[in-house]
Every structure is written in structure tokens, then in C-alpha cells.
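> need a 3D model of the following:
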Amino acid sequence: MSVNLIFKIAAVGILVSILCQVLKHSGREEQAFLTSLAGLLLVLFWIVPYIHDLFESIQDLFSL
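Numbering: from 1, shown residues only. Predicted coordinates:
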């Protein structure tokens with residue numbers, strides 16, 4: 001896993017938190033929720049290949 005991925009995740013987290021705060025203070029709680037959900041899905045799409053590789057390496061390690 002590269003350091004760039006960690007910086008991307010941190011940047012998305014900062015942007016999503018700022019957008020959520022702005023949207024909540026303007027009375028748009030639904031859009032704030034959808035923004036946080038979109039940020040979560042984006043990060044999950046970035047992380048899923050690494051989780052898949054982890055499970056494959058564990059399978060190879062234990063020869064399952």
C-alpha cells in the first residue's frame with residue numbers, strides 16, 4: 001500500500017467533513033448525509049482491491 005493512498009483518503013475525509021458541516025449549517029441534512037455516503041463509497045472502492053489481495057495472501061499462506 002502506498003503513502004499516496006493514505007493521503008487521498010485523508011483529503012477525501014477533510015473535504016467531506018467540511019462539506020457536511022457547510023450543508024448541515026445551511027439546513028440541508030439530506031445532502032450532507034449523501035455527501036458523507038459518497039465519500040465513504042469512494043474510499044471503499046479504493047480500498048477493496050487491497051483487502052482482496054490481503055485475503056488472497058492469507059489463503060496462499062495457509063494453503064486453503
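> quick one: the helix ranked longest in the chain to chain centroid distance?
When the chain is parsed with DSSP state H, its longest helix is helix 29-62. Relative to the chain's own centre, helix 29-62 is displaced by 6 Å; criterion: Cα atoms, centre = their mean, to the nearest Å.
> how about that helix, which residues are buried there?
Applying a neighbour-count criterion of 16 or more other Cβ atoms under 10 Å, one finds 32, 35-36, 39, 43 buried in helix 29-62. Every C-beta, even on glycine, is put in place using the N, C-alpha and C of the backbone.
> next, format the residues you listed as CSV and append pLDDT and distance to residue 59.
Shown next, in CSV, are the buried residues of helix 29-62 (pLDDT from 0 to 100; distance: Cβ to Cβ, whole Å):
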residue, pLDDT, distance to residue 59
32, 94, 40
35, 95, 37
36, 95, 33
39, 95, 31
43, 95, 25
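> so which of the residues you listed comes closest to residue 14?
Checking the buried residues of helix 29-62 against residue 14 by Cβ to Cβ gives residue 39 as the nearest, at 10.0 Å.
> let me see the contact set for the closest one.
Residues near residue 39 by Cβ atoms under 8 Å, 6 or more residues apart in numbering: 12-13, 15-16.
> quick one: contacts for the spatially most central residue of the chain?
Compute the mean C-alpha point of the chain, and by Cα atoms, centre = their mean the closest residue is residue 43, 2.2 Å away. Going by Cβ under 8 Å, 6+ apart, residue 43 touches 9, 12-13.
> 7 Å instead?
9, 12 (Cβ atoms under 7 Å, 6 or more residues apart in numbering).
> rewinding a little: could you dump the buried residues of helix 29-62 to TSV with distance to residue 51?
TSV is the format used below for the buried residues of helix 29-62 (distance: Cβ to Cβ, whole Å):
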residue	distance to residue 51
32	28
35	24
36	21
39	18
43	12
